[in-house]
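Student: Got a sequence here, can you model it:
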Amino acid sequence: GVAVPPGLVFSPRLWAHERRVRVASIDVSRNDLPRRLRLERTPALLFFRGDEPASAAPRDFSAVASRDALMEHVLEHTSIKGLERPVDTEQLRELVGALPRLAADAQRLLQENERLSAELDKARARLDAHAGGPSAGS
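Tutor: Residues are numbered from 1 along each chain as shown. Modelled structure (predicted):
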């Protein structure tokens, strides 16, 4: 995988469907990097545009804090016409995995709402009986 800043979860598979985008990882402990890259810290996340000469300085995306922001940066700085945001299947899996828990929470909330509605109806009936007529809020 790509060496990325701490806290940024990034998967090269996000762009695997797009043949015009390449994601690469370089182990700096085993490989010398060209000086023109001017890496000040590792891990680093560098973006190279395909329409720029090899001598051009890459864009440093190391400060990007989220996967969504990283995808937006790539789309903003790319030279590829018609490049679209990839489907994030990992994020979809996370969301689908949360559905059972959310469904259970929603069911509990509905039951609590029914219970509170019944209590409110009883309280209104007691108020009506005490006041001798329909409650003022009805």
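Student: helices and strands around whichever strand or helix holds residue 73, which ones?
Tutor: Secondary structure from DSSP states H and E places residue 73 in helix 67-77. Packed against helix 67-77 by the contact rule (3 or more C-beta pairs under 8 Å, 6 or more residues apart in numbering; DSSP states H and E) you find strand 46-47. Where you see a C-beta, it was placed from the backbone N, CA and C, and this is true even at glycine.
Student: Strands of the chain, start to end?
Tutor: Using DSSP state E, the strands of the chain run over 46-47, 59-60.
Student: List of residues touching the first one?
Tutor: What that stands for is strand 46-47. Applying C-beta atoms under 8 Å, 6 or more residues apart in numbering, the external contacts of strand 46-47 come out as 37, 58, 59, 60, 61, 62, 73, 74, 77.
Student: 7 Å instead?
Tutor: The contact list for strand 46-47, computed with C-beta atoms under 7 Å, 6 or more residues apart in numbering, reads 37, 58, 59, 60, 61, 74, 77.
Student: Direction included, what does it pair against?
Tutor: According to DSSP bridges, strand 46-47 forms sheet pairs with strand 59-60 (antiparallel).
Student: so how far is the partner strand from its chain's centroid?
Tutor: Remark: strand 59-60 is offset 21 Å from the chain centroid, using C-alpha atoms, centre = their mean, to the nearest Å.
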